[in-house]
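**Student:** Whatever this is, show me its structure:
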Amino acid sequence: MLSILLTGILKVIMENNKKLMLIVFFLSILGSSCAKRVTTIGSENSGIQLQIKSLEGKIQYEVSFKGKVLINPSGLGLLSSEFNFVPAEIIRITQAKIQEQWHPLFGKSGLVDNTYHEATVEAKTKDGLLIHVNFRVFNDGVAFRYEVPVQNGLDSLTITEDKTTFCFSQDFNCRGIDQNIETSDFSPKPISQTKFSQLPLLVHTPECWLAINEASVFDFSVLYLRNNSTSATMSADIGISPCSLPLRTPWRVIQIGENAGDLIESNILVNLNEPCQIEDPSWIKPGKAMWDWRNHGDTINGFVYGINEASYKRLIDFASGNLIEYVLFDADWYSEFGPQYPSKDLDMPEIIKYANKKNVGVLLYIDRHRAGNNNDWNLEDVLNTFQKWGASGIKYGFLSQETNDRKTFVDLTREITRLCAKHRMLVDFHDNPVHPGGEERTWPNRITLEYCHGQQDSRKSFGPEIAVTAPFINGLSGPLDMANGYYDLNGLQNRSKVDKNGLNSTVVGETARCLINYSPLMILPDNGDVYNQKKDLFSFIRDMPDTWDETRFLGGEPGEFIIVARRSGRNWFVAGNTNVKARRVDLKLDFLEGREYNLIRYQDTKDSHFQKNKESYEVHIGTVAKDQVLTLPMAPGGGFCIKIIAE
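**Tutor:** Prediction:
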């Protein structure tokens with residue numbers, strides 16, 4: 001039987017506040033399960049194309065880039081404990097084009113463009129239940145999510161399976177993230193041999209790079225990818241997710257770019273999140289933070305760093321003298337009675353008062369993990385106490401160990417974030433947290449998180465290969481608390497909370513990582529005594545802005561090297577890292593304006609090496625202009641840093 005197609009077109013054009021919307025409605029009545037229909041949506045100008053296909057009672061999607069299919073027709077839908085929500089019959093497709101711009105509170109861009117083409121598919125399952133699939137196509141990728149409306153008296157569901165698949169057109173090489181983030185080595189292997197990955201999964205095709213990711217993770221289980229076959233198909237794994245109706249799942253995202261660096265520049269994840277939900281976020285201040293934990297046992301002219309008032313005030317004094325906004329006091333500062341009760345030799349309210357007088361905020365670590373502590377404390381009571389003391393925020397550790405349920409893990413993360421916002425507290429999640437998906441747009445007080453192997457975490461050092469791969473994978477999802485910036489590379493192993501094998505980097509390479517891995521809360525792991533020994537090099541970190549107007553990827557490839565530039569006003573900060581291979585790069589400065597700039601260049605020496613000669617470096621001062629090319633050496637495991645300052 002031929003399908004009966006009734007098409008009505010309504011065009012509405014609205015221009016207001018840089019926003020253009022074009023809406024076209026299509027109404028289809030399919031008279032046969034054999035009816036075939038294809039709806040195509042393209043990006044604005046990047047060559048990305050999405051096709052929504054309805055064939056023989058199945059609705060699938062396909063993604064291509066510049067005419068090359070990346071993802072073959074792939075499955076959609078959800079299963080609940082009682083119902084099948086796999087779309088089978090299209091009722092209606094609504095299309096729209098959205099153009100808008102918005103200013104984030106902080107981030108890698110001062111002005112974010114949010115242009116996309118959208119199609120909302122209203123569909124029925126074989127049992128007549130309603131499910132909507134909302135698709136968006138951006139210049140930097142494709143996203144879709146499921147929406148289940150209230151219907152037939154249903155007001156809640158337990159989702160047991162996400163039927164989303166990613167059927168790649170070839171068995172491309174990919175790099176994923178292990179169940180334990182800290183053990184990920186990012187070795188490339190074919191999709192068919194990749195049995196598990198947390199998000200994102202980075203995929204390299206002959207035409208482009210793409211990453212499977214997720215955005216706006218609220219009220220639903222976090223997504224993993226699994227491959228239980230020998231094919232090049234990854235399937236969604238959400239565990240079990242009890243949900244209220246109406247339901248909106250997180251966005252399933254396919255980031256796409258011609259090179260891997262395009263994914264670093266992308267703002268697709270923040271664009272898929274709702275605007276800020278904090279009525280007045282003016283109290284949220286990005287910044288840097290001195291951190292005590294990895295300094296324990298370091299001895300400077302007879303002074304030994306530890307968990308005591310003298311050490312804390314020494315960090316505060318250095319922060320104040322270098323315009324560093326915060327200090328972070330990590331574990332073991334409070335007694336066995338809980339976080340409202342400092343250890344007997346620490347007057348934490350007085351220490352915070354001392355810091356605040358010096359214009360330094362204090363962040364306090366808490367967890368329910370440590371043996372001997374009273375772990376039954378009430379978080380809101382703790383935050384009330386911290387607020388009275390004058391603290392600025394918390395670092396929350398080991399939340400993943402409080403539950404084995406992924407939906408509960410997400411819910412706890414969001415509830416902690418909301419409670420912290422209520423008490424005007426920043427929050428930094430550590431130790432295998434829920435992966436970021438641009439949620440800092442909605443709740444900017446969740447200012448950073450350790451969704452990576454933080455340098456020296458678990459007393460392990462990651463090597464140069466990881467350093468030049470993690471920004472292309474973990475770094476695609478949002479701010480990373482990687483704790484870069486160690487300077488005492490020759491004596492680090494003498495401290496009590498570090499890898500006794502030391503740290504595999506040069507001091508310039510460590511400095512470069514502070515720029516390459518963006519975090520609006522930059523945690524500095526060394527102490528002021530050490531930083532003062534290399535004041536000229538530390539000035540690159542000290543002077544680095546905490547939020548940026550523009551970010552550009554200037555070169556590199558996962559596992560090889562990376563060069564990133566960030567602009568604040570008319571000034572640029574540029575940094576590069578390399579793997580274990582020494583290399584020289586020619587850096588074009590055509591991103592500058594047509595004027596002369598002052599240049600300060602920090603680089604490895606000819607003898608620098610990430611194992612044999614870690615702390616040697618050179619500083620060069622001069623001027624540069626737009627038409628120049630800088631030749632920059634990077635020692636094995638090292639890097640370079642450049643400040644380009646407008647006169």
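
**Student:** Can you list the low-confidence ranges for the protein?
**Tutor:** Residues of the chain meeting the criterion pLDDT under 70: 1-36, 371-373.

**Student:** Which single helix of it contains the most residues?
**Tutor:** helix 406-422 (DSSP state H).

**Student:** can you pull the buried residues of it?
**Tutor:** 406-407, 409-414, 416-417, 419-421 (16 or more other C-beta atoms under 10 Å). Using the backbone N, CA and C atoms, a C-beta is placed for each residue, glycine as well.

**Student:** swap in stretch 308-327?
**Tutor:** 311-312, 314-320, 322, 324-327.

**Student:** Contacts only, for V498.
**Tutor:** Contact analysis of V498 by C-beta atoms under 8 Å, 6 or more residues apart in numbering lists R294, Q456, R459, L492.

**Student:** These: which two are farthest apart?
**Tutor:** Spatial extent of those (C-beta to C-beta) is set by the pair R459 and L492 at 10.9 Å.

**Student:** And H132, how close does it get to R248?
**Tutor:** H132 sits 9 Å away from R248, going by C-beta to C-beta, to the nearest Å.

**Student:** who touches both of those two?
**Tutor:** Contacts common to H132 and R248, judged by C-beta under 8 Å, 6+ apart, are Y146, E147.

**Student:** before we move on, back to that, compare the contacts of V498 and tell me which is most surrounded.
**Tutor:** Counting neighbours by other C-beta atoms under 10 Å, the top entry in the contacts of V498 is R294, with 28 neighbours.

**Student:** ok but it is inside a helix, no?
**Tutor:** Yes: secondary structure assignment places R294 in a helix (DSSP: H, G, I helix; E, B strand; the rest coil).

**Student:** Could you tell me which residues make contact with it?
**Tutor:** Neighbours of R294 in contact, by C-beta under 8 Å, 6+ apart: Q456, A483, Y486, L492, R495, K497, V498, P525, D526.

**Student:** ok, 6 Å please
**Tutor:** Shown in contact with R294 (C-beta atoms under 6 Å, 6 or more residues apart in numbering): Q456, K497, V498, P525.

**Student:** And V217, by the same measure?
**Tutor:** Taking C-beta under 6 Å, 6+ apart, we find V217 in contact with P250, V410, G437.

**Student:** From the residues you listed, pick the one nearest E89.
**Tutor:** Closest to E89, out of all of those and judged by C-beta to C-beta, is P250, at 25.1 Å.

**Student:** What's the local residue count around that closest one?
**Tutor:** 25.

**Student:** Could you do F196 as well?
**Tutor:** Neighbours of F196 under the rule other C-beta under 10 Å: 16.

**Student:** Equivalent analysis for the one 4 residues further on, please.
**Tutor:** Using other C-beta under 10 Å, the number of residues around P200 comes to 28.

**Student:** coming back round to it: would you format the contacts of V217 as JSON lines with distance to Y451 included?
**Tutor:** Formatted as JSON lines, these follow (distance: C-beta to C-beta, whole Å):
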{"residue": "P250", "distance to Y451": "15"}
{"residue": "V410", "distance to Y451": "14"}
{"residue": "G437", "distance to Y451": "10"}
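
**Student:** Please name the residues that touch the residue most central in space within the chain.
**Tutor:** Nearest residue to the geometric centre of the chain (C-alpha atoms, centre = their mean): G478, 1.8 Å. Contacts for G478 (C-beta under 6 Å, 6+ apart) come out as P436.
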